[in-house]
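**Student:** dropping a prediction and its sequence here:
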Amino acid sequence: MSERLTDNPTLFRLRVRYGKRDRLKYLGHLEVIHTIERIVRRAGLPYAVTQGFSPHMRVGFSSALPVGTSSTCEWYDLFMTEFVALDEAFERLAAASPADLAPIEAAYIDVRTPALTAQLTRLSYRIDLHLDPEAPVSADEVRRAIDTLRADHGIDYARGKKSKRLDLDHTLVGYELTAGSARTIWFSCSTPMPTTRALCVRKFCFLLLMFCCRA
């Protein structure tokens, strides 16, 4: 596959997957954006800039990750004005990145490829439940609680003065429960991409609280 992937010989698009881990999982989305921009500048890559009254680095990101949530599958697309060999570009970014925001893989893609927010249509989360050893809950009990909630097709809850409903038919596409250590249950699920990922995770946290209380 051609690494240029564009009819414009002066524009190249590098897609990078990176992780957000440990202490840097507490950075907000704007802080992550500014940090990535500093990484690109520190790496000395020939980034493109936007047109208009206030030009800035031309880089697109996947949707915001909720503060406090770690990830091994965050993405950004960097547009560059000059071609840099893929291995060299990756090494520069890795050397300029803090360990908790380090790139994992990178590849050149067609500059006409849709934006990340349009391409990513599913999210998967793993939530570790650290259970009280005095009141253990088995994976089977949690599974029965989730199935009971799904049979109701949704959860009614209050948000401020307004009544809301979490639609499980469209939010919880699937899940998997596996027993870990004696005090931990892993809960994995996939959900359609919402307007904001933060809202999605808040809904899941609410779901977890509900089924843990009913279990």
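**Tutor:** It's in.
**Student:** shaky segments in the protein?
**Tutor:** Within the chain, the ranges that satisfy pLDDT under 70 run 1-8, 129-132, 135-136, 157, 179-215.
**Student:** just the strands in it please.
**Tutor:** 12-20, 59-61, 71-80, 103-109, 122-130, 154-159, 162-167, 174-179, 184-192 (DSSP state E).
**Student:** quick check: closest non-adjacent residue to K25.
**Tutor:** S70 (4.4 Å; C-beta to C-beta, 6 or more residues apart in numbering). All C-beta atoms are positioned from the backbone trio N, CA, C, and that covers glycine.
**Student:** can you tell me which residues contact that neighbour?
**Tutor:** Residues near S70 by C-beta atoms under 8 Å, 6 or more residues apart in numbering: G19, K20, R21, D22, K25.
**Student:** nearest to A85, of those residues?
**Tutor:** G19 (23.1 Å; C-beta to C-beta).
**Student:** burial of the closest one, as a residue count?
**Tutor:** 19 (other C-beta atoms under 10 Å).
**Student:** I'd guessed it sits against W75; true?
**Tutor:** No - between G19 and W75 there is no contact under C-beta atoms under 8 Å: 10.9 Å.
**Student:** D77 reaches R17, doesn't it?
**Tutor:** No - the pair D77 / R17 is not scored as a contact, 10.8 Å apart, by C-beta under 8 Å.
**Student:** shared neighbours, those two?
**Tutor:** With C-beta under 8 Å, 6+ apart, D77 and R17 have no common neighbours.
**Student:** just the buried positions in stretch 116-128, please.
**Tutor:** Using 16 or more other C-beta atoms under 10 Å as the burial criterion, the residues of stretch 116-128 that qualify are L116, L123, Y125.
**Student:** same check on stretch 62-82?
**Tutor:** S62, S63, L65, P66, S71, E74, W75, Y76, D77, L78, F79, M80.
**Student:** quick check: end-to-end length of it?
**Tutor:** Taking C-alpha to C-alpha, to the nearest Å, stretch 62-82 runs 23 Å from one end to the other.
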